[in-house]
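>>> Here is a sequence with its predicted model. Questions after.
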Amino acid sequence: MNIDNLLIHLHNNVDAFTLKPRHIDQIRESFPDLRITVAEGNRDFLEQLPEADCALVWVFKPEWYAGAPKLKALFTPAAGHDWVAADPAGRVKTFYGSFHGRIMRESLLAMMLYFNRKIGKTLADQHSRTWGRLGYNDCVALFNQSVLIIGLGALGRSVAEVLKTLGARVTAVRRSTAGFKNDHNVDRVITFDKLEEELPSADHLVFVLPGGVQTDNIFTQRHFNVIKPGAYLYNLGRGNCYREEDLLAALQDGTLAGAGLDVFAEEPLPAASPLWEQPNVLITPHSSAISREYIDLFIQEWAQKIRDPE
Ligand code: OXD
């Protein structure tokens, strides 16, 4: 893709999600002839926008496209489509980040190993100076377990890669298998309508679904009813895919042995949510992608797409 005038507006209240001078240096090194403007804030961004042919942003409102006559491509680090609206006229191509898997799968592994290796018990024992060696006999290894990945996009595939390396049996659920390219990290791919048949044999359920109306409450009470007793559930996608009341009931009646939750129906998770005090729940504050490497990976992905847009 030929671009001459790059406009960057990547401020974020999460410091790891904010562009640093070293990133500008990397861009300059790779594209020495590119004119680079870093916006000082929203107003400055909108003033510079008419000249830009490419922009790197966290937020872009639909009405801003009218003030961007030269814009060819818009890049956002976000995987979700929540903050950057695609061009309603279809003229500007919008690229959403797809690099998160390498970071998020480590957050997922931390959650899985927290439960499998009883890290909660370990911390409690350490706190009370207890040598609790006899309390680990029912620990299970991931290489002896089945994992069901619900949502097989870039993130789901990245998760599958690491789980397969550890020897887990990996099944993935997709909306449809049409056009699906085989993935050697996934033992079996099923469609969503077959999910109820698969749930009774899965030890870990990993939700990595995008948000939006298509996934609203897609996992229903019917699905919760057939989960393998003692399974674990993780959600690193979006909090709209089930009703939190159903999740809580499954945790309270022992259907689920535990849950690692990074995303919620309402964020921040309200202080009054009963999930906070549910003993077998590990809560992280939508932080599974936060890591020092975040913007580095985004800039690498951007540079690659500029060189080779296909
Ligand atoms: C995203 C996120 O990138 O949830 O979509 O952080």
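Now that the structure is in, tell me what you want to look at.

>>> If we ignore the residues flanking it in sequence, what's nearest residue 290?
Setting aside the residues directly before and after it, residue 290 is nearest to residue 16 in space (Cβ to Cβ, 6 or more residues apart in numbering), at 5.1 Å. For the C-beta atoms, the positions are set from N, CA and C on the backbone; glycine is no exception.

>>> Quick one: residues contacting the one you found.
Contact analysis of residue 16 by Cβ atoms under 8 Å, 6 or more residues apart in numbering lists 290-292, 294-295.

>>> In terms of pLDDT, where does it sit?
Per-residue pLDDT puts residue 16 at 98.

>>> The residue of the stretch 201-310 of the chain found nearest the ligand - how many residues pack around it?
Using Cβ to the nearest ligand atom, the single residue of the stretch 201-310 of the chain nearest to the ligand is residue 289, 5.2 Å away. Counted with other Cβ atoms under 10 Å, the neighbours of residue 289 add up to 26.

>>> and it, backbone torsions?
phi -100, psi 0 (degrees, to the nearest 10).

>>> next one: residue 90
Here the main-chain torsion angles of residue 90 (degrees, to the nearest 10) amount to phi 70, psi 10.

>>> Equivalent analysis for residue 260, please.
According to degrees, to the nearest 10, residue 260 has phi -110, psi 110.

>>> picking up where we left off before, just give me the closest of the contacts of residue 16 to residue 22.
Nearest to residue 22, judged by Cβ to Cβ, of the contacts of residue 16 is residue 295 at 9.1 Å.

>>> okay, the closest one: pLDDT?
Listed pLDDT for residue 295 reads 98.

>>> What is whatever helix or strand it lives in packed up against?
Secondary structure from DSSP states H and E places residue 295 in helix 294-307. Helices and strands touching helix 294-307, by 3 or more Cβ pairs under 8 Å, 6 or more residues apart in numbering; DSSP states H and E, are helix 21-30, strand 54-57, strand 73-76, helix 101-116.

>>> hang on, residue 95 in a strand?
Yes: looking at residue 95 with DSSP: H, G, I helix; E, B strand; the rest coil, it is inside a strand.

>>> which ones are touching it?
Counting by Cβ under 8 Å, 6+ apart, residue 95 touches 73-76, 302, 305.

>>> just to revisit the earlier point, can you name the two of the contacts of residue 16 that sit furthest apart?
Using Cβ to Cβ, the contacts of residue 16 span at most 11.1 Å, a distance reached by 290 and 295.

>>> In terms of helices and strands, where is the residue in the stretch 51-200 of the chain that the ligand sits nearest to?
Distance from the ligand to each residue of the stretch 51-200 of the chain (Cβ to the nearest ligand atom) is smallest for residue 80, at 3.0 Å. Assigned by DSSP H and E, residue 80 belongs to neither a helix nor a strand.
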